[in-house]
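Engineer: Sequence and predicted structure are below.
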Amino acid sequence: MDARLRSGPDETPPPGTPIRRHRLATRVWHWVNAVAVVILLGSGLGISNAHPRLYWGRYGANFDPAWLQLPRFPAWITIPASYNLAISRRWHLFFALVLGFGLLAHLLWSLANRHIQRDLRVRRGDLSRAHLRADLRAHWNFRFHDPERPREYNAFQKLSYVAILFVALPLAILTGLALSPAMDAAWPWLLDLLGGRQSARSIHFLAATGIALFTIVHLVLVILAGPINEVRSMLTGWWRVPE
Amino acid sequence: MIARRNLLAGGAGLLLAGCDRVVQIPAARKILFAGEDMQRGLQRALMDRGALAPEFRPDQRSPIFRANGTYDPGTPEYKALAANRFADWRLAVGGLVERPLTLSLADLRALPNRSQITRHDCVEGWSAIGQWTGPMLGNVLKAAGLRRAARYIVFTCADLYGGAPYYESIDLVDAFHPQTILAWAMNGRPLDVPHGAPCRLRVERQLGYKHAKYLMRIDAVASLAGIGLGKGGYWEDRVDYDWYAGI
């Protein structure tokens, strides 16, 4: 183990080498956030069933034109299973705090330990057409790691992590805050930024849809990349370089 | 591979199903319901006591402001009041006050009134914008003179739910907020029956179910323990809605 650990970042670790992939702070946040996201999505769909119409602008109710009429979400996907707006809200508003403060702590911690700068920084080379095309081809061939630099995230991986950490989750939090009549009094700029409470509610739903799609693609890729190795790395921190 | 995929999807499914079991456990329910106190504490810490809810221009009002909850109390007493255009309606202000008051609509109109165009947010998710006019609740309470022990203001209404009047309550921070008014007019006209005639509460930094309609009594109390089932409002008592509805 010691000899393997000593192989520095410049050397290419051969397949089968265990690498310390995820630090404790990342792992703890990942699982806390995973629970929060599943509960927020489930309870959010329960809340949506109370008034499944989305509007743009400051106001919006039954007599106003809705841009989207949502389906009634079935019991197997909502929290609680039987329609109960009060209990859906209890779950949603408790885990909103877990998600919000968890993300804040994770981003600050990851800046401090340089996780963001080291692993998530999108470089110009990542975005070149040739690189993106090669990365796409690698994905189609179920190769998710550059064999020469297996420690690094691939370009699409980086872009999706950046999109979820810096766009979708913060947007869900800000639009969620804008739905609160008290927060609208405290921070009226929220409404100016988002174009009114009903716009914020629509964007909240779109951000949640983005988070749900990310979660599904993330799970599929974990399975395709080798679920035991991937899940173990997020539990213990140790990841084995694939063949 | 299929089995593993099912395992992951099954994990999320179990989590969803497990949530319904978790709320049945009293200790877990208590933690979950403590979210309300955390939200209230955080919001009150972030917010100036007098921070105003956004107000809007007349052209920004909803074309149709839908009603909700009770559309007409329909009791013989209420019908008699409505038949006389609420000339005999009296609002009782009592409880822990130095000078209990009995106010008519004319008394409310004679007080300094405030008009505000604000957004009404239903707990279900919809919003409507309208103009409300009425005296500030804080001025009415000052006229009655709150006793030192008073902590909450309880509103009792003319509409019945399961045979008993609808009721709601707020604390003194919201009771003395400048936008908390006893509205007797909406969009420049006397309040109509579906929207709470002759007088309703507006407490603009909270959700719609706090805005009690068809007001009959206002009482200052030291504790919510003796009111209804003790949680401070009809929906709070019956279906676990949050008493603090700022979010």
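Structural biologist: Arrived safely. Residues are numbered from 1 along each chain as shown, chains lettered A, B, ... in the order given.
Engineer: Strands along chain B, start to end?
Structural biologist: With DSSP state E as the criterion, chain B has strands at B:91-95, B:101-103, B:113-121, B:127-135, B:152-161, B:164-171, B:181-183, B:185-186, B:189-190, B:200-202, B:215-221.
Engineer: Tabulate those strands (CSV), appending distance to chain A, mean pLDDT and mean neighbour count.
Structural biologist: Backbone N, C-alpha and C define where each C-beta goes, glycine included. Formatted as CSV, the strands of chain B follow (distance: least, Cβ to the nearest Cβ, whole Å; pLDDT from 0 to 100; neighbours: other Cβ atoms under 10 Å in any protein chain shown):
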stretch, distance to chain A, mean pLDDT, mean neighbour count
strand B:91-95, 25, 98, 18
strand B:101-103, 27, 98, 16
strand B:113-121, 5, 98, 20
strand B:127-135, 5, 98, 23
strand B:152-161, 15, 98, 21
strand B:164-171, 12, 97, 21
strand B:181-183, 15, 98, 27
strand B:185-186, 15, 98, 19
strand B:189-190, 18, 98, 12
strand B:200-202, 12, 98, 25
strand B:215-221, 20, 98, 21
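Engineer: So for A:Trp140, which of those strands sits nearest?
Structural biologist: Taking Cβ to Cβ, strand B:127-135 is the member of the strands of chain B nearest to A:Trp140, at 45.9 Å.
Engineer: tell me the angle that closest one makes with strand B:113-121.
Structural biologist: For strand B:127-135 against strand B:113-121, the angle by axes from the mean of the first three to the mean of the last three Cα atoms, to 10 degrees is 160 degrees.
Engineer: And strand B:127-135, what does it pack against?
Structural biologist: Applying 3 or more Cβ pairs under 8 Å, 6 or more residues apart in numbering or on different chains; DSSP states H and E, we find strand B:127-135 packed against strand B:113-121, strand B:181-183, strand B:185-186.
Engineer: Pull the residues that contact it.
Structural biologist: For strand B:127-135, contacts defined as Cβ atoms under 8 Å, 6 or more residues apart in numbering or on different chains pick out A:58-61, A:197-198, B:56, B:58, B:60-62, B:64-66, B:108, B:111-121, B:181-188, B:199, B:202.
Engineer: Kindly recompute the last result at 6 Å.
Structural biologist: A:59-61, A:197-198, B:56, B:60-62, B:65, B:108, B:111, B:113, B:115-117, B:119-121, B:181-187, B:202 (Cβ atoms under 6 Å, 6 or more residues apart in numbering or on different chains).
Engineer: In the chain, what residue spans correspond to helices?
Structural biologist: If you meant another chain, say so; for now it's chain A. Assigned by DSSP state H, chain A shows helices spanning A:2-6, A:24-48, A:85-112, A:115, A:129-140, A:155-163, A:169-178, A:181-186, A:189-194, A:197-225, A:227-236.
Engineer: ah, no, chain B please
Structural biologist: B:2-22, B:26-46, B:76-83, B:105-110, B:137-144, B:172-175, B:234-239.
Engineer: right, and B:Ile218 touches B:Ala92 too?
Structural biologist: No. When contacts are counted by Cβ atoms under 6 Å, B:Ile218 is not listed as touching B:Ala92 (7.2 Å).
Engineer: quick one: contacts for B:Ile117?
Structural biologist: B:Ile117 touches B:55-56, B:131, counting by Cβ under 6 Å, 6+ apart.
Engineer: measure it to B:Ala87 for me?
Structural biologist: 28 Å (Cβ to Cβ, to the nearest Å).
Engineer: try A:Val122
Structural biologist: On the measure of Cβ to Cβ, A:Val122 and B:Ala87 end up 71 Å apart.
Engineer: next one: A:Ala212
Structural biologist: 57 Å.
Engineer: More neighbours: the two, which one.
Structural biologist: Under the neighbour definition other Cβ atoms under 10 Å in any protein chain shown, A:Ala212 and B:Ala87 were set side by side, and A:Ala212 has more, 16 against 11.
Engineer: picking up where we left off before, I'd like the helices and strands packed on strand B:127-135 written out as JSON lines, with distance to A:Leu108 added.
Structural biologist: Below are the helices and strands packed on strand B:127-135 laid out as JSON lines (distance: least, Cβ to Cβ, whole Å):
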{"stretch": "strand B:113-121", "distance to A:Leu108": "32"}
{"stretch": "strand B:181-183", "distance to A:Leu108": "42"}
{"stretch": "strand B:185-186", "distance to A:Leu108": "47"}
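Engineer: quick revisit: relative to B:Thr75, which of the helices of chain A is closest?
Structural biologist: helix A:85-112 (27.0 Å).
Engineer: ok, is that closest one in contact with chain B or not?
Structural biologist: Yes. Helix A:85-112 lies within reach of chain B by Cβ under 6 Å from any Cβ of the partner chain, at A:86, A:90, A:93-94.
Engineer: Just the pLDDT at residue 111, thanks.
Structural biologist: Looking at chain A here, since you left the chain open. With respect to pLDDT, A:Leu111 has a value of 95.
Engineer: actually chain B
Structural biologist: 97.
Engineer: Return the distance of it relative to B:Arg217.
Structural biologist: B:Leu111 is 18 Å from B:Arg217, by Cβ to Cβ.
Engineer: Any stretches of the chain with poor pLDDT?
Structural biologist: Unless you meant another one, I'm taking chain A. For chain A, the stretches with pLDDT under 70 are A:1-10.
Engineer: wait, chain B
Structural biologist: B:1-12.
Engineer: need the residues of it near chain A, please.
Structural biologist: Counting by Cβ under 6 Å from any Cβ, chain B sits next to chain A at B:4-5, B:8, B:12, B:15-16, B:19-20, B:32, B:35, B:39, B:43, B:46-47, B:51-54, B:62, B:64, B:66, B:121, B:124-129, B:205, B:239-241, B:246-247.
Engineer: what about burial for the residues you listed, which qualify?
Structural biologist: B:12, B:15-16, B:19, B:32, B:35, B:39, B:43, B:47, B:51-54, B:62, B:121, B:124-129, B:205, B:240-241, B:246-247 (16 or more other Cβ atoms under 10 Å in any protein chain shown).
Engineer: residues contacting B:Asn137?
Structural biologist: One correction, residue B:137 is Leu, not Asn. B:175, B:180, B:182.
Engineer: Go again with 8 Å.
Structural biologist: B:153, B:175-176, B:180-182, B:201, B:218.
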